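Trainee: Predicted structure and sequence below. I'll ask about it afterward.
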Amino acid sequence: MMRKVWPFVLAGVLCLGLCACGGGGESGGADENTPAGASPEVVEETTPTPSPTPEAEPEAQEVQVGGSIDNDNFVMSFTSVELLDEFSYDTSEYSSTSLYVEEGYKLLVVKGHMENKGTTTISDTAFAFTATVNDTYVVDGYDVRLNFIRDKNFEIDPYTDLDYVLYINIPEKLAGMFETVTFTIGFNNDLSAPTTVWNSDGTSTVEVDNLYSLTSGLTA
(Lines give C-alpha, C1' and ligand atoms only; values in the text may rest on other atoms or scores of the structure.)
Protein backbone atom coordinates (compact mmCIF):
# COMPACT_ATOMS: atom_id res chain seq x y z
CA MET A 1 0.00 0.00 0.00
CA MET A 2 2.87 2.43 0.89
CA ARG A 3 4.47 1.76 -2.50
CA LYS A 4 1.31 3.00 -4.25
CA VAL A 5 1.01 6.20 -2.13
CA TRP A 6 4.68 7.29 -2.39
CA PRO A 7 4.63 8.27 -6.11
CA PHE A 8 1.62 10.53 -5.49
CA VAL A 9 3.36 12.31 -2.58
CA LEU A 10 6.47 12.87 -4.69
CA ALA A 11 4.40 14.32 -7.56
CA GLY A 12 2.71 16.77 -5.16
CA VAL A 13 6.05 18.03 -3.81
CA LEU A 14 7.31 18.67 -7.37
CA CYS A 15 4.14 20.63 -8.24
CA LEU A 16 4.57 22.86 -5.18
CA GLY A 17 8.18 23.60 -6.17
CA LEU A 18 7.21 24.60 -9.70
CA CYS A 19 4.51 26.98 -8.40
CA ALA A 20 7.01 28.69 -6.13
CA CYS A 21 9.42 29.27 -9.06
CA GLY A 22 6.62 30.65 -11.24
CA GLY A 23 5.54 33.14 -8.55
CA GLY A 24 9.06 34.60 -8.40
CA GLY A 25 8.82 35.56 -12.07
CA GLU A 26 5.73 37.75 -11.41
CA SER A 27 7.40 40.07 -8.90
CA GLY A 28 6.38 43.23 -10.76
CA GLY A 29 9.70 43.83 -12.54
CA ALA A 30 11.93 44.48 -9.50
CA ASP A 31 15.65 44.66 -10.32
CA GLU A 32 17.29 41.32 -9.56
CA ASN A 33 20.18 43.25 -7.99
CA THR A 34 17.89 45.23 -5.64
CA PRO A 35 17.96 43.76 -2.07
CA ALA A 36 14.68 42.36 -0.77
CA GLY A 37 12.50 45.07 0.73
CA ALA A 38 14.51 47.95 -0.82
CA SER A 39 12.93 50.46 -3.22
CA PRO A 40 14.50 50.69 -6.69
CA GLU A 41 16.66 53.81 -7.27
CA VAL A 42 14.79 56.65 -9.00
CA VAL A 43 16.85 58.68 -11.52
CA GLU A 44 15.71 62.31 -11.62
CA GLU A 45 15.91 64.24 -14.88
CA THR A 46 17.80 67.56 -14.60
CA THR A 47 16.60 70.69 -16.39
CA PRO A 48 19.41 72.59 -18.19
CA THR A 49 20.11 76.01 -16.69
CA PRO A 50 19.56 78.71 -19.34
CA SER A 51 22.49 81.00 -20.12
CA PRO A 52 22.11 84.52 -18.72
CA THR A 53 20.68 86.99 -21.21
CA PRO A 54 23.12 89.82 -21.96
CA GLU A 55 21.96 93.27 -20.92
CA ALA A 56 20.33 95.16 -23.75
CA GLU A 57 21.96 98.42 -24.78
CA PRO A 58 19.97 101.50 -23.77
CA GLU A 59 17.76 102.89 -26.50
CA ALA A 60 18.96 106.30 -27.66
CA GLN A 61 16.72 109.17 -26.57
CA GLU A 62 16.37 111.83 -29.22
CA VAL A 63 17.23 115.47 -28.49
CA GLN A 64 17.04 118.48 -30.76
CA VAL A 65 18.96 121.70 -31.27
CA GLY A 66 17.35 124.07 -28.78
CA GLY A 67 16.79 121.19 -26.36
CA SER A 68 18.95 119.68 -23.62
CA ILE A 69 19.98 116.61 -21.61
CA ASP A 70 18.92 117.22 -17.99
CA ASN A 71 19.72 114.88 -15.09
CA ASP A 72 20.88 114.99 -11.46
CA ASN A 73 24.50 115.66 -12.50
CA PHE A 74 24.32 118.23 -15.29
CA VAL A 75 22.31 120.08 -17.90
CA MET A 76 23.78 119.96 -21.41
CA SER A 77 21.99 122.21 -23.88
CA PHE A 78 22.45 122.34 -27.68
CA THR A 79 22.51 125.79 -29.32
CA SER A 80 23.62 125.27 -32.93
CA VAL A 81 25.35 123.03 -35.49
CA GLU A 82 27.87 124.84 -37.70
CA LEU A 83 30.37 124.02 -40.45
CA LEU A 84 33.50 126.18 -39.99
CA ASP A 85 36.96 126.68 -41.45
CA GLU A 86 38.35 127.51 -37.99
CA PHE A 87 37.23 128.33 -34.48
CA SER A 88 39.10 130.15 -31.68
CA TYR A 89 38.10 131.17 -28.16
CA ASP A 90 39.62 132.93 -25.18
CA THR A 91 40.91 130.75 -22.36
CA SER A 92 41.77 133.65 -20.09
CA GLU A 93 42.21 137.41 -20.21
CA TYR A 94 45.59 136.96 -21.82
CA SER A 95 45.39 133.82 -23.95
CA SER A 96 43.25 131.99 -26.49
CA THR A 97 43.22 128.66 -28.29
CA SER A 98 42.05 127.29 -31.65
CA LEU A 99 40.35 123.99 -32.41
CA TYR A 100 42.55 121.59 -34.35
CA VAL A 101 41.69 121.38 -38.05
CA GLU A 102 43.51 118.87 -40.23
CA GLU A 103 44.71 120.16 -43.61
CA GLY A 104 42.07 119.51 -46.25
CA TYR A 105 39.34 119.25 -43.60
CA LYS A 106 36.69 121.46 -42.02
CA LEU A 107 35.20 121.68 -38.56
CA LEU A 108 31.68 120.38 -37.91
CA VAL A 109 30.79 121.91 -34.55
CA VAL A 110 27.95 121.63 -32.06
CA LYS A 111 27.89 124.70 -29.82
CA GLY A 112 26.13 124.61 -26.48
CA HIS A 113 26.14 125.26 -22.76
CA MET A 114 26.64 122.98 -19.76
CA GLU A 115 25.77 123.39 -16.10
CA ASN A 116 27.48 121.15 -13.53
CA LYS A 117 24.85 120.57 -10.81
CA GLY A 118 27.03 118.46 -8.51
CA THR A 119 29.97 118.63 -6.14
CA THR A 120 32.51 116.85 -8.38
CA THR A 121 34.38 117.91 -11.48
CA ILE A 122 32.98 116.47 -14.73
CA SER A 123 35.64 115.40 -17.24
CA ASP A 124 35.24 114.85 -20.97
CA THR A 125 36.28 111.21 -20.26
CA ALA A 126 32.85 110.67 -18.63
CA PHE A 127 31.30 110.65 -22.11
CA ALA A 128 31.38 108.35 -25.14
CA PHE A 129 30.68 110.06 -28.47
CA THR A 130 30.11 109.07 -32.07
CA ALA A 131 29.20 111.19 -35.09
CA THR A 132 27.73 110.07 -38.41
CA VAL A 133 27.59 112.45 -41.38
CA ASN A 134 25.00 111.91 -44.14
CA ASP A 135 24.21 108.50 -42.55
CA THR A 136 27.45 107.03 -43.97
CA TYR A 137 30.62 108.76 -42.71
CA VAL A 138 31.29 107.59 -39.14
CA VAL A 139 33.63 109.24 -36.61
CA ASP A 140 34.09 107.84 -33.10
CA GLY A 141 36.46 107.52 -30.18
CA TYR A 142 38.92 110.36 -29.60
CA ASP A 143 38.17 111.84 -33.02
CA VAL A 144 34.97 113.30 -31.51
CA ARG A 145 36.17 116.01 -29.13
CA LEU A 146 34.48 117.93 -26.32
CA ASN A 147 36.07 121.25 -25.25
CA PHE A 148 34.83 123.55 -22.51
CA ILE A 149 35.43 127.22 -23.26
CA ARG A 150 38.03 127.81 -20.57
CA ASP A 151 41.72 127.34 -19.77
CA LYS A 152 41.09 123.77 -18.50
CA ASN A 153 39.44 122.70 -21.75
CA PHE A 154 38.53 119.14 -20.82
CA GLU A 155 36.59 119.52 -17.55
CA ILE A 156 33.94 121.58 -15.82
CA ASP A 157 34.18 122.37 -12.11
CA PRO A 158 31.40 121.77 -9.53
CA TYR A 159 28.50 124.24 -9.64
CA THR A 160 29.91 125.88 -12.77
CA ASP A 161 28.24 127.00 -16.01
CA LEU A 162 30.35 126.96 -19.18
CA ASP A 163 29.90 127.09 -22.93
CA TYR A 164 31.30 124.09 -24.81
CA VAL A 165 31.98 122.86 -28.34
CA LEU A 166 31.52 119.26 -29.49
CA TYR A 167 33.27 118.82 -32.83
CA ILE A 168 34.79 116.60 -35.52
CA ASN A 169 36.96 117.12 -38.62
CA ILE A 170 35.39 116.14 -41.95
CA PRO A 171 36.97 116.23 -45.44
CA GLU A 172 36.27 119.37 -47.47
CA LYS A 173 34.65 117.29 -50.22
CA LEU A 174 32.23 115.78 -47.69
CA ALA A 175 31.60 119.25 -46.28
CA GLY A 176 30.50 120.33 -49.78
CA MET A 177 27.91 117.49 -49.79
CA PHE A 178 26.82 117.93 -46.16
CA GLU A 179 23.18 117.25 -45.31
CA THR A 180 22.89 116.03 -41.72
CA VAL A 181 24.97 114.85 -38.77
CA THR A 182 23.98 112.59 -35.89
CA PHE A 183 25.94 112.83 -32.66
CA THR A 184 25.41 110.14 -30.00
CA ILE A 185 26.24 111.02 -26.40
CA GLY A 186 26.63 108.20 -23.86
CA PHE A 187 27.44 108.34 -20.16
CA ASN A 188 26.99 106.40 -16.90
CA ASN A 189 24.74 107.43 -14.03
CA ASP A 190 27.76 107.97 -11.74
CA LEU A 191 29.76 109.67 -14.55
CA SER A 192 32.45 106.98 -14.41
CA ALA A 193 34.32 106.37 -17.64
CA PRO A 194 32.33 104.20 -20.09
CA THR A 195 33.58 100.62 -20.49
CA THR A 196 34.79 99.35 -23.86
CA VAL A 197 34.11 95.63 -24.48
CA TRP A 198 36.02 93.93 -27.31
CA ASN A 199 34.07 91.33 -29.28
CA SER A 200 35.46 88.09 -30.75
CA ASP A 201 35.24 89.52 -34.29
CA GLY A 202 37.54 92.41 -33.40
CA THR A 203 34.80 95.02 -33.09
CA SER A 204 34.12 96.84 -29.84
CA THR A 205 31.05 97.94 -27.89
CA VAL A 206 30.95 100.84 -25.44
CA GLU A 207 28.70 100.13 -22.44
CA VAL A 208 26.86 103.12 -20.93
CA ASP A 209 23.78 103.64 -18.76
CA ASN A 210 22.37 106.48 -20.85
CA LEU A 211 22.45 107.20 -24.57
CA TYR A 212 21.20 110.29 -26.41
CA SER A 213 21.05 111.10 -30.12
CA LEU A 214 21.19 114.58 -31.67
CA THR A 215 20.43 114.78 -35.41
CA SER A 216 20.57 118.09 -37.24
CA GLY A 217 21.43 119.95 -40.40
CA LEU A 218 23.27 123.27 -40.25
CA THR A 219 21.56 125.82 -38.02
CA ALA A 220 23.84 128.84 -38.32
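Mentor: Perfect, I can see it now. Numbering: from 1, shown residues only.
Trainee: chain center to stretch 165-175, what's the gap?
Mentor: Its chain's average C-alpha position is 28 Å from that of stretch 165-175, according to CA atoms, centre = their mean, to the nearest Å.
Trainee: go on, stretch 92-105?
Mentor: The answer for stretch 92-105 is 35 Å, by CA atoms, centre = their mean.
Trainee: Contacts for that stretch, please.
Mentor: 85-91, 107, 109, 145, 147, 151, 153, 165, 167, 169-172 (CB atoms under 8 Å, 6 or more residues apart in numbering). Placement of C-beta: from N, CA and C, glycine included.
Trainee: Tell me which stretches of this protein form helices.
Mentor: 2-24, 172-176 (DSSP state H).
Trainee: mean pLDDT for these: which is lowest?
Mentor: The stretch with the lowest mean pLDDT among the helices of the chain is helix 2-24, at a mean of 52.
Trainee: how about low-confidence regions in the chain?
Mentor: 1-57 (pLDDT under 70).
Trainee: Can you tell me the number of residues neighbouring the residue nearest to Ser68 when sequence neighbours are not counted?
Mentor: Computed as CB to CB, 6 or more residues apart in numbering, the closest residue to Ser68 that is not its neighbour in sequence is Ser77, at 3.9 Å. Neighbouring residues of Ser77 were enumerated by other CB atoms under 10 Å; the total is 18.
Trainee: Same check on Gly217?
Mentor: For Gly217, using other CB under 10 Å, the count is 11.
Trainee: where's it relative to Glu179, distance?
Mentor: 6 Å (CB to CB, to the nearest Å).
Trainee: isn't Gly112 right up against Val81?
Mentor: No - the pair Gly112 / Val81 is not scored as a contact, 9.8 Å apart, by CB atoms under 8 Å.
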